[in-house]
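[1] next one to model:
(chains A, B and C)
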Amino acid sequence: MELAAQLLVILIQIAAVMGVVLLHVAYLTYAERKVLSDMQDRLGPMEVGPHGLLQPIADGLKLFFKEDIIPAGANKIIFSASPILVLVPALIGFAVVPFGRDSLHIGDVEITPYITDINIGILYILAFSSLGAYGILLGGWASNSKYALLGGLRSAAQVISYELPLGLSLVGPILLSESLSMMTMTHAQAGGFWNWYVVKTTPIPFVIYMICAIAETNRLPFDLPEAESELVAGFFTEYSGMRFSFFFLAEYANMILVSCIGVVAFLGGWQAPFAFLEFIPPIVWFLAKVYFLLFFYIWLRATVPRLRFDQLMAFGWKIMLPLSLVMVLVISVAKYILTH
Amino acid sequence: MSELIKLKINDKEIAVEKGTLLIEAAKLAGAEIPHFCYHPRLKPDANCRMCLVEIEKVPKLQTSCSTPATEGMVVRTDSKTVEEAQHGVMEFLLGNHPLDCPECDQGGECQLQDFGHQYSPQVGTFEETKRVFPKEYFGPLIEKEMNRCVSCLRCVRYCDEVIGAYALGSMNRGSHHEIGAFARQELECEYCGGCIQICPVGALTSRLSMYENRTWQLKKTETVCNYCGDGCSQTLEAVKDDLTRASSEMGTGRNGGDLCAKGFFGYGAVNHKARLSRPLIRTNEKELEVTWEWAFNKAVDGLESIKEKYGPQAIAGMISAHCTNEEIYLFQKLMREQIGTPHVDSSARYGYINAVAALNSVFGTARLVKYEDVVAADVLLVIGAALTESNPITGLKVKQALSKKGTQLITLDTASRQRETYISHLPNLATQHLQVRPESEGAAICGLMKAVIEAGASDTAPPALVDKVKKALTAISFQEVEAATGLSEADYRKAAKAYAGAKRGVMIVGRGVLRNKDGYQNMLRLAELALLSGQVGEEGAGILAMAMENNAFGAVEMGGVPEFSPGFQLNEGDKKGHTFPEMLEAAARGEIKALYLVGEDPFRSLPQKKVAEALQKVELLICQDLFPSQATAMAHIILPAASYAEKSGRFTNHEGEIQKVRMAIEPVGNAKPDWQIFSIITNKMKQKSDQPYSRLIGYDSPDAVWKEIVMSMPSTWSQGAGGDLSSATAAYADRAEISLSIKKPLDANGHFYLHVGQHLFHAGKLSTYSEGLLKLLDQEMVLIHPEDAETLGIEEGEVVSLSNGEGAAALELPVKLSKKLGRGTLFVPEHFGTAAKALLPLTIDATTQVPYGERGVVKLSKRSAG
Amino acid sequence: MKLKQSLFKTIIFSEILKGLQLTFKHLLKGKVITQQYPHQKPTLPDGYRGVIVHLRYDDGAEICVGCSLCEAACPSHCITVESAEREDFPQKRYAKRYILDVTKCVFCGFCVQACPVDALASSKEYEMATTDKRTLMMDKEAMLTLGDQYFPIRQKRPQYSEDRFSLFKQMKEVGFPLAKKGSS
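    Below is the predicted model of the structure:
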C-alpha cells in the first residue's frame, strides 16, 4: 500500500516536473525570441495570439505535422534513436534538482519539492549530461550528410572539451558543502547572499561555470556547430518534424537544467538573499534566479558574436581548464586554512 | 564595256562606270545620301529635293539622283549648306506629317523615320495646323492614308513605268497634293502590291495585314512563290508561325522585286483553318484521325498487298507540279524503283508537257530563253498568252522590253485589242495584234509559217526542215487560213516579216496554245516556225513557254511524267507508263487498283462522272494534300502535306532556272513535307520486302536529296540556253513528219464560245483559300462583250443561264461586261466551281494525252423568271 | 602599463560587459524600428513602380493605340499585344488583345517609359498575391479597372488640328466616300 502510494506520488511528481519543464522549454523559446527582439529594437512574434503568446504552440503543431523524412542512405535506427539519446539525458537531470524547501503533506503522502535527492546528485547530472554527446555524434553521422557529420564532430568535440572545466568549477561548491547532494548544497548556503558560493568562492568559478554551461548547450558565442550560415544547421541538418523538435527541446531543456544547477551550486538554490525576504516562497526565489540566468543566456546571445572553432577549443583547453584547476587548488587551500 | 571615270566624293577618290548617278556613286564612297523619290527601278524624278549635294563649281545644290557622275567631279555630301538644305526639306515634310508612328504599319521600316532621325533639325518652326485629308477607301486591299504622304510620286511612277497600269495619279497641288485613282473612283488596278512596297512612308499600306504586327516582330524568309511558273523571289514574313505578309526584295530574283496579286496577297492559303493537319483514315464512311505511324503502316501494307496480288503495274501515282523538285524526284523513285510501276504522272500533264516535250523533241532542251532575253528582245511574238492574268511577271518583262525604243510586240489571241480599265492588256500594247477566231490558233500558225517560207526561210534553219515544211504547206492556201482565222494575208505577212526580220526575236507561248486542241502539234509547229525564222539558237532569241504551275518545268525534268525519267531521258515501250487520263481509264477498267494522288484533285480538271467512276473502282486511294477536296472525300488514306512555306527545296521556273525554296514557318498542325513522307514510305517498304542488302535511304534534308539528283543526272543536263542546238535540230528535221491541214472554222451557230480560264486575281484553287484574294473576287461570273450584251438585252449584274444542250446542268451566273473579249466569246474563271467546265467537251491529245476541256460552245439564255 | 590595463580588461571581460550594457539599454528603451506589416503599411515614395495599369482619356476612351512598343521594350517579354482597326473610327488603331503576365513582370517601368501616348502608368499597387494564377494574367479590362482606381484624374485628349475626330464623326454620318459594300 505504502509502496503503491509512493510510486503513484513519484509518478505524479515526475509527470508534473516534466510537464512544467517542457512548458518552460516551450515558453523559453518564446521568451528568447521576445527578449532578443526587444534588445534588437523590434517586436518579435506578435501575430499568433496576443503579442504572440501562442507562438510556441503554433511551432509545436507545425513540427508535429511535418513530413517524416529520413534521408536516403541514412542509418534508420540510429537516425531515429539519436534525438532520444539527446533529449533523455537533458530531461533526466531534472530528477535531482530541488525546487523548493518544504514538502507538501497530503494526509500520509509526502510530496517532496524534488523528485529524488540522491547523495550523488551532481555526479549523476554530470554523468548523464555527458551522454548527450553520444546523441550529437550519432545524429550527425547517421544523417549521411557531410554537413551533419562535420557539425556533429565539432559539436561533440566542443561538448566534451568543456565538460572538464564545468566539472572542475563545480568542485568548489562541492568542497565547501562537503557533499554531492543538491539538497545539502542548497542548505549549506543558508543565511543570506554572502553565504552563497558565488561570493564565498569568488565569482571566478561561477564565471567559469557559466562559460562552460554556455559551451555545453551550444549557445552563442559557442554555437558554431549549429551556425546556420556555415553549416546549414549543424548536426541536425537532416532532421525535420518531430525529430527536429526533440533536438530543439533537448537544447532548451539543457539550458534550463544547466541554469538550475548553476542556481543550486552558486546562487543558493531556493534561499532568499536577505532574511527579511523569506516570506516569499522559496520556489519563487528558485524560479527567479533560474529566470535570471536564462535571461543572461539570452542577453549574451544578443550581444556577442560567435567564436571560431579553433578559438573556441583554444579557449576551452588553454584558459578554462588551467583556470579551473587553479581555482580548485585555491579553494581547497583556502578551505583548509580557514577551517584549521 | 563601259569606261570608268574618276571623281571625288567627300575627299574620297572613287571610280565608277560612266553614266552612274551620283547617288549610286556616293554609296561606293561610303556616303549615305538621304532620298525619298529616288528608286533604282524608276526613272529619276528629283521632286523630293532631299538628295541635294554640293558640287564644286556649281553655284546651287544639285539633286544627286538625277545628276550623272562626270570625270573630275568633286562632290560634298556633308557640308553645312547640304545639311541646311536637308534640314529644310525634312522640316517641310514633317510639317504636315501626322504623329502616327505608334499606329503606322510602316513604323520600323519607314524612310521618313530613318532619314528624319539623322537629317532633320532638332526644333521645327512650323506652327500652323497640319492639313488633313478625309478618309477614303481605296479598294479592299490597299490602305490609303494621305496625311502621311510625302509626295514623292514613287507609287505613281511605279504604276506607270513598271506595271503600265496607270492606276494612280496626282491630284491637287501644294499642301493639298494627294494620290488618288483616276477621277476619284475606286482603285481599279492589278493589285500587284508594288505601290505598297515602294511607298517610303505609311501612306500606302496593305489592308490585308493591317495592324497585325510591327515590323520588328517579323521573321523574314526569302523563298520562291508557289503560284505560277514565273518563279518570283518572294519574302515571306511571319510572326510566330503565322504568315502575315509577303513582299519581294527590290532588285533581287528573277522578278526584280515585282510581284502580282497572287504573290503579294495570296499567302493566306497557308494558314487557312481548313488545312488538313492530321492523317485521316476512312473507316465506315467516317474519317478517323490517326497517328502518322498508323497511317504510314496502313499505306505501306495496302501498297504491298496490292503489289503482291495484282502486280506492281496495278499501282499508279500522280503528283502536283506545285511540289518541289526533290519531292517529285522522290515520288517517281518510289513509284518506279521501289514499287516498280511506270505509271507516274504530274499536273504538267494539263498542258505544260506539250511545251516541254515539243521543245525537247525539236531542240534537245527546253531551256531556251531567260527573262533578260525577253527584255532585250526587239520583236516579241506572244501567242495564246494572256500574260497579265496568267504570268504577270513575264508580262512585266514584255512591258519592259516595250519601253525600249523600236521594240515590236505581236500578239496572237482570241481577245480583242481594247482594254477597259487600267489593268494592262497585252494586245492593247501590241504593235500588231492578230485577233483570231476561237480555235483557229493552229490555222494562224500555219499562216505565219507560210508567210515566213514565202518570204524566205532563214539560213540557220535545217534545210531538211525547210523542204518538209514547204511540201506540207502546198496543201494550204491563204484563203483557207483567212476563212478559218478571220485575218487577212497581209496581216500574216506583216507579222512574219517583223518576226523573221528581228535581230532578237523571242516567242512566248501561253496556255491558249498549250491547253487547247492539238496543243502538242501546234507547239511543234511553233518550234519549227521559230527555226524557220532563224529565231532560235542565236543569242537573245528563242521560245519561252508559260507554265501555270510554279514547278511544272521541274516536274517534267525530275521525271514526274511517264515519258521521261529524270533528266529528260526518254522512256520507251514498257518503261513508259500511263498518263493520267490513261490511268483513269485503266482504273475504270479495273486494271489500276491503287492510286496515290499528291496535291491533285482530278475532279477539278476532268469530267466528274469519269473521275468518280474510276476512283470508286480503285481499292486503295491515298490522297496527300493541303486541303480537303472531292478526292479526299473518297480517299482511303488522307495524308496532310506541308505547303511551300513550310518546307525547303527547289522550284524550277519556266525559264528553267532552279531556285531555292526556304522554310518560313513550321508545318501547320501535324503536316509533314512531302519529301519526308515519300522517304518514310520508301524506307518502310524496303524494310518489309526481302530486298537483300538494301540500304535504307535516309535523307536528312532536301539538300541531301538534291545532291543525289545532281549526281544521277546525265552529263548533258547542265546545258542551258546558249548551247549548240544545231545537232538536235538537224536530227529533228531528219525524223520529223510534217503534214498540215486547216480545220473547218468553228461555227458556233449563233451561240457563244465559252472559255474557262484564269482570272487576274486567282490561280488554280489554292488562291481561293486566301482571304485577301477572295476580297478581290470571291465568286464566279461570266464575262461578255458589251456589244453582245446589248444585242441580247442583258445588263451588267444580271444572272444568265449557260447550258450546252446535252444534259449537263445549266449554270447560272451573273454577267460582267468586258471589252477585252472577242465578239461571240464568253469567259468564266476556273477557280471556284467545276460546273462551267462540265458544259464543255473533253478531247485528249493524240500524242501527249493532255486533256483539253477549257473551250467549247454553249448556249446563253436569260434566266427565266420564276 | 598598457599591457596591464589590457590584461585586466580581458580578465574582467570589459568589452563584453560594455556590449551587455548596450543591449540592456536597448531592452529598456523599448523602441521598435521594424514596421508591423500588414498592420502598418509602408509609405510609398512618389516614383514607386507597382503594377502597370492602363489609363483613359477624360471622356472615358482608352488611350492605348496597340502600337506594341511596350511589348518591344519589356525585358521580361511579358506583354502580348494584338492590334486591330477600330470599327468606329477607321484607320485608328487599338489593342484588341492586351495581356500582361504579372508573374513575369519585374516592374521595371520600361513599358511606361516606352509608351508614346502615355497610356501606361505604374500604380502603387504591390499586393498582388493570389491563389489563382489566372488572375495574374491581366487583360486590358483588368488593367483599365486598376487604372481607374489609382488614377481618377484623367488626362485630356490632345486636340488635333481641325479636330480630326469631329471630322470622322461627320463622315460616319454621311458615309465614307467610295465605300462599296464589302469593300472593307
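[2] relative to C:Ser83, how far out is B:Lys775?
    20 Å (CB to CB, to the nearest Å). Any C-beta I mention is one placed from the backbone N, CA and C, and that applies to glycine too.
[3] for chain B, what is the nearest residue in the stretch 51-200 of chain A?
    A:Ala72 (39.6 Å; CB to the nearest CB).
[4] in the chain, where is pLDDT below threshold?
    No chain in the question, so chain A it is. A:1, A:226-233 (pLDDT under 70).
[5] wrong one, chain C
    C:1, C:160-184.
[6] off-centre distance for the longest strand along chain C?
    In chain C, taking DSSP state E as the definition, the longest strand is strand C:93-101. From the chain centre to the centre of strand C:93-101 is a distance of 16 Å (CA atoms, centre = their mean, to the nearest Å).
[7] so it, near chain B or not?
    Yes. Strand C:93-101 lies within reach of chain B by CB under 8 Å from any CB of the partner chain, at C:Arg93.
[8] number of nearby residues for C:His77?
    Residues lying near C:His77 (other CB atoms under 10 Å in any protein chain shown) number 10.
[9] is it true that it lies in a helix?
    No. Under DSSP: H, G, I helix; E, B strand; the rest coil, C:His77 sits outside any helix and is assigned coil.
[10] my guess is it contacts C:Lys104. True?
    Yes. Assessed by CB atoms under 8 Å, C:His77 is found in contact with C:Lys104 at 7.2 Å.
[11] can you give me the helices in the stretch 51-200 of chain A?
    Assigned by DSSP state H, counting those that start in this stretch, the helices in the stretch 51-200 of chain A fall at A:55-65, A:76-92, A:121-142, A:146-177, A:182-188, A:197-200.
[12] quick one: end-to-end distance for stretch B:163-180.
    This stretch, stretch B:163-180, spans 17 Å end to end (CA to CA, to the nearest Å).
[13] also stretch B:569-588?
    Taking CA to CA, stretch B:569-588 runs 30 Å from one end to the other.
[14] list the buried residues for it?
    Within stretch B:569-588, the residues scored as buried using 16 or more other CB atoms under 10 Å in any protein chain shown are B:571, B:576-588.
[15] quick check: mean pLDDT across that stretch?
    Average pLDDT, stretch B:569-588: 91.
[16] and stretch B:414-432 with chain C, contact?
    No. Using CB under 8 Å from any CB, stretch B:414-432 stays clear of chain C, coming no nearer than 15.2 Å.
[17] tell me the mean pLDDT over that stretch?
    87.
[18] so what's the residue of the stretch 51-200 of chain A closest to chain B up against?
    A:Asn144 (CB atoms under 8 Å, 6 or more residues apart in numbering or on different chains).
[19] how much space between it and A:Leu28?
    35 Å.
[20] now swap in B:Glu585 and tell me
    102 Å.
[21] do B:Lys450 as well
    123 Å.
[22] strands along chain C, start to end?
    C:52-54, C:79-85, C:93-101, C:120-122, C:137-138.
[23] next, the buried residues of the longest one.
    Okay, so that is strand C:93-101. So, applying 16+ other CB under 10 Å, buried residues of strand C:93-101: C:Arg93, C:Tyr94, C:Ala95, C:Tyr98, C:Ile99, C:Leu100, C:Asp101.
[24] find the nearest non-adjacent residue to the first one, please.
    Distances taken as CB to CB, 6 or more residues apart in numbering or on different chains place B:Glu103 nearest to C:Arg93, at 4.1 Å, with adjacent residues excluded.
[25] isn't there a helix covering that neighbour?
    No. Using three-state DSSP, the secondary structure at B:Glu103 is coil, not a helix.
[26] mind checking the longest helix of chain C?
    helix C:14-29 (DSSP state H).
[27] check which helices and strands that one sits against.
    When contacts are defined as 3 or more CB pairs under 8 Å, 6 or more residues apart in numbering or on different chains; DSSP states H and E, helix C:14-29 sits against helix A:2-39, helix A:282-303.
[28] may I have it exported as PDB, CA atoms only?
    These are the backbone C-alpha positions of helix C:14-29, laid out as PDB (Å, rounded to 0.1, in the frame of the first residue of the first chain):
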ATOM      1  CA  SER C  14      35.300  44.500 -20.000                       C
ATOM      2  CA  GLU C  15      34.300  44.600 -23.700                       C
ATOM      3  CA  ILE C  16      31.700  42.000 -23.300                       C
ATOM      4  CA  LEU C  17      30.300  43.900 -20.300                       C
ATOM      5  CA  LYS C  18      30.200  47.000 -22.400                       C
ATOM      6  CA  GLY C  19      28.200  45.100 -25.000                       C
ATOM      7  CA  LEU C  20      25.900  43.700 -22.400                       C
ATOM      8  CA  GLN C  21      25.300  47.200 -21.200                       C
ATOM      9  CA  LEU C  22      24.400  48.300 -24.700                       C
ATOM     10  CA  THR C  23      21.900  45.600 -25.300                       C
ATOM     11  CA  PHE C  24      20.400  46.100 -21.900                       C
ATOM     12  CA  LYS C  25      19.900  49.700 -22.700                       C
ATOM     13  CA  HIS C  26      18.100  48.800 -25.800                       C
ATOM     14  CA  LEU C  27      16.000  46.400 -23.900                       C
ATOM     15  CA  LEU C  28      14.900  49.100 -21.600                       C
ATOM     16  CA  LYS C  29      14.400  51.700 -24.300                       C
END
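[29] which residues are in contact with that helix?
    Against helix C:14-29 from outside (CB under 8 Å, 6+ apart): A:Val35, A:Asp38, A:Met39, A:Gln40, A:Asp41, A:Trp299, A:Leu300, A:Ala302, A:Thr303, A:Val304, C:Phe8, C:Lys9.
[30] surely the second one is in contact with C:Gly30?
    Yes. Using CB under 8 Å, A:Asp38 and C:Gly30 qualify as a contacting pair, with a distance of 6.8 Å.
[31] compare those two (neighbour count), which wins?
    A:Asp38 (21 against 9).
[32] list the contacts for B:Val850?
    B:Val850 touches B:Arg349, B:Tyr350, B:Gly351, B:Ile353, B:Asn354, B:Leu514, B:Arg515, B:Gly519, B:Tyr520, B:Ile844, counting by CB under 8 Å, 6+ apart.
[33] gap between it and A:Leu307?
    From B:Val850 to A:Leu307 the distance is 101 Å (CB to CB).
[34] circling back to that earlier point, out of the buried residues of strand C:93-101, which comes closest to A:Met183?
    The closest of those to A:Met183 turns out to be C:Asp101 (CB to CB; 71.8 Å).
[35] check contacts around that closest one.
    Listed by CB under 8 Å, 6+ apart, the contact partners of C:Asp101 are C:Cys78, C:Ile79, C:Thr80, C:Leu136, C:Met137, C:Met138.
[36] what's the closest of those to B:Glu91?
    C:Ile79 (35.0 Å).
[37] count the neighbours of the closest residue to that closest one other than its chain neighbours for me.
    Closest residue to C:Ile79 apart from its sequence neighbours, by CB to CB, 6+ apart: C:Glu71 at 4.4 Å. For C:Glu71, the count of nearby residues is 22 (other CB under 10 Å).
[38] C:Glu71 contacts C:Thr80, doesn't it?
    Yes. The criterion here is CB under 8 Å, and C:Glu71 meets it with C:Thr80 at 6.8 Å.
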